[in-house]
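Asker: Structural data only, the sequence is not supplied:
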């Protein structure tokens, strides 16, 4: 075991707090200024590409130029040349101590305890001002999600949850600068990705505004509007499927608030709000609470041609697909779970700066692939739809427990064991799965197929990733019914009728043994979400 501190220049590296597909994020001490910072390190395999190094430098300069109280500050970036080695790349930024908005939503909305209107306006005001500031300087974030919004505990005067700070502009790009993202990659997170972004068009700020609307939907209902058994399913729902009206999930949502939410996540970019501030002004009006003066200033600064009605006008063709699609995205981004205190993991840097080119017409083969993929999803959906209206659902309370444990050298609780009785056999074509829904990483959920014998489940030892804490605060244990034919599950079934049993990990003082509860009839309608 190493006892000597590790140094990177004059930075003393203290602990790795996040890992991503392109590198690591470390908490470090700046020994010259005696302050704590966060450092992003790029993995060696990315440093061999001279084009990538050039893009890193170009985009890092743009990101570092952003100076806003609600955007994490970049202090410096380094490209160190080494003899006979690829250059060493890293970025130094503020270390923000506090939970992410993902954790905040998990502790409030996902528990059926929705934030007060004033708290929601406070949060979205700060985020909107920061996002519009970046857009005004030609920068698009491209991965707005709750995990990339930190709640800074250094400023709790206005609200106890902390002040929102947007982080991880690591895959940001200049507005209007196109790039050749390849089929098989995705830019952004599927739960929050805009329809046009899912189809490969991510040069405009409207995709960030859509993602912000998805966060609003989640905060108001306790769940994102689109979930599915795999990432492709989620992406195609963003493109084609109208969202469930939010008032059906939270009956406290007024028609006016529902209209704002639905306008913010309209399929067509020109049917959304023109700016984040405009959306939040409309939300405050719908809540009938005071509009912060800073928001009105932000709306007044918007160009005249972009000012639109703040009221929602339903599309004449709701849910219609985006016109002129680009590349169909087929696989998820590399994501990383990150404990709090949190700095978002390293994400892909934007494509090199090139003059905008006219978008070519899709070749016949590519168009055929897109149409085939969408058609296949429709067919699969029709086949599966018979299972969405199961007439039988468990009505007998199970007698079950879930035991969490860890190995002798393990850092996290990554082992569980399930013992339950009164579990009916699954219907034909269905199987039971156990899940641990981790609020910090909703795209890499631990899950295991379960077998029922004599109406009993005795799972034996089920082991998850050594780097994931199954017993993390606010995690949700679930047992669901899934299609037996699908062996590549990524997220649990979203149909409430197919979410059967659950246990919720508390925010603190978590025990190691939990009783299993039925989702059906629970007093909290979002207990299993």
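Answerer: Okay, I see it. Everything numeric in this text was worked out from a predicted model, so none of it was measured.
Asker: which intervals of the stretch 401-529 of the chain have sub-threshold pLDDT?
Answerer: Across the stretch 401-529 of the chain, the ranges flagged by pLDDT under 70 are 439-444, 487, 525.
Asker: Which parts of it are strands?
Answerer: 415-421, 430-437, 446-450, 456-458, 462-463, 476-483, 499-504, 513-515, 517-518 (DSSP state E, counting those that start in this stretch).
Asker: need these in JSON lines with mean neighbour count, can you?
Answerer: C-beta coordinates here come from the backbone N, C-alpha and C atoms, glycine included. Below are the strands of the stretch 401-529 of the chain laid out as JSON lines (neighbours: other CB atoms under 10 Å):
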{"stretch": "strand 415-421", "mean neighbour count": "18"}
{"stretch": "strand 430-437", "mean neighbour count": "21"}
{"stretch": "strand 446-450", "mean neighbour count": "18"}
{"stretch": "strand 456-458", "mean neighbour count": "16"}
{"stretch": "strand 462-463", "mean neighbour count": "17"}
{"stretch": "strand 476-483", "mean neighbour count": "23"}
{"stretch": "strand 499-504", "mean neighbour count": "22"}
{"stretch": "strand 513-515", "mean neighbour count": "14"}
{"stretch": "strand 517-518", "mean neighbour count": "18"}
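Asker: can I get those strands in JSON lines with distance to residue 268?
Answerer: Listed next are the strands of the stretch 401-529 of the chain as JSON lines, based on distance: least, CB to CB, whole Å:
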{"stretch": "strand 415-421", "distance to residue 268": "44"}
{"stretch": "strand 430-437", "distance to residue 268": "32"}
{"stretch": "strand 446-450", "distance to residue 268": "35"}
{"stretch": "strand 456-458", "distance to residue 268": "46"}
{"stretch": "strand 462-463", "distance to residue 268": "44"}
{"stretch": "strand 476-483", "distance to residue 268": "32"}
{"stretch": "strand 499-504", "distance to residue 268": "32"}
{"stretch": "strand 513-515", "distance to residue 268": "45"}
{"stretch": "strand 517-518", "distance to residue 268": "41"}
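Asker: Against residue 35, how distant is residue 93?
Answerer: Plainly put, residue 93 is 12 Å away from residue 35 if you go by CB to CB, to the nearest Å.
Asker: Between the two, which has more neighbouring residues?
Answerer: When residue 93 and residue 35 are compared for neighbours, residue 93 comes out ahead with 22 against 12, by other CB atoms under 10 Å.
Asker: ok, how many other residues are close to residue 511?
Answerer: 9.
Asker: picking that back up, right, and the strands of the stretch 401-529 of the chain - which one's nearest residue 269?
Answerer: Among the strands of the stretch 401-529 of the chain, the nearest to residue 269 by CB to CB is strand 430-437 (30.9 Å).
Asker: just how off-centre is that closest one within its chain?
Answerer: Distance of strand 430-437 from the chain centroid (CA atoms, centre = their mean, to the nearest Å) equals 21 Å.
Asker: Next: stretch 239-251.
Answerer: In terms of CA atoms, centre = their mean, the centre of stretch 239-251 is set 18 Å apart from its chain centre.
Asker: and it, average pLDDT?
Answerer: Mean pLDDT, stretch 239-251: 93.
Asker: Can you measure across that stretch, start residue to end residue?
Answerer: End-to-end span of stretch 239-251 (CA to CA, to the nearest Å): 26 Å.
Asker: Also stretch 136-152?
Answerer: 24 Å.
Asker: SS state for residue 211?
Answerer: Secondary structure of residue 211, reduced to three states by DSSP: H, G, I helix; E, B strand; the rest coil: helix.
Asker: how close does it sit to residue 515?
Answerer: Between residue 211 and residue 515 the distance is 37 Å, computed by CB to CB.
Asker: just residue 94 next, same as before
Answerer: Per CB to CB, residue 94 is found 42 Å from residue 515.
Asker: Then residue 88?
Answerer: 51 Å.
Asker: try residue 193
Answerer: In terms of CB to CB, residue 193 sits 37 Å off from residue 515.
Asker: now residue 9
Answerer: Distance of residue 9 to residue 515, given as CB to CB: 52 Å.
Asker: quick one: the strands in the stretch 151-300 of the chain?
Answerer: Using DSSP E, counting those that start in this stretch, strands in the stretch 151-300 of the chain cover 163-166, 173-174.
Asker: And stretch 158-166, what's buried?
Answerer: 159, 161-166 (16 or more other CB atoms under 10 Å).
Asker: could I get those residues as TSV with distance to residue 29 and pLDDT?
Answerer: Shown next, in TSV, are the buried residues of stretch 158-166 (distance: CB to CB, whole Å; pLDDT from 0 to 100):
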residue	distance to residue 29	pLDDT
159	29	82
161	27	90
162	23	92
163	24	94
164	26	96
165	20	94
166	24	94
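Asker: what would those residues look like in a markdown table with distance to residue 244?
Answerer: Formatted as a markdown table, the buried residues of stretch 158-166 follow (distance: CB to CB, whole Å):
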| residue | distance to residue 244 |
| --- | --- |
| 159 | 29 |
| 161 | 27 |
| 162 | 30 |
| 163 | 32 |
| 164 | 26 |
| 165 | 31 |
| 166 | 28 |
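Asker: Looking at those, spot the one nearest residue 495.
Answerer: residue 161 (31.7 Å).
Asker: and that closest one, what is it in contact with?
Answerer: 99, 104, 119, 123, 151 (CB atoms under 8 Å, 6 or more residues apart in numbering).
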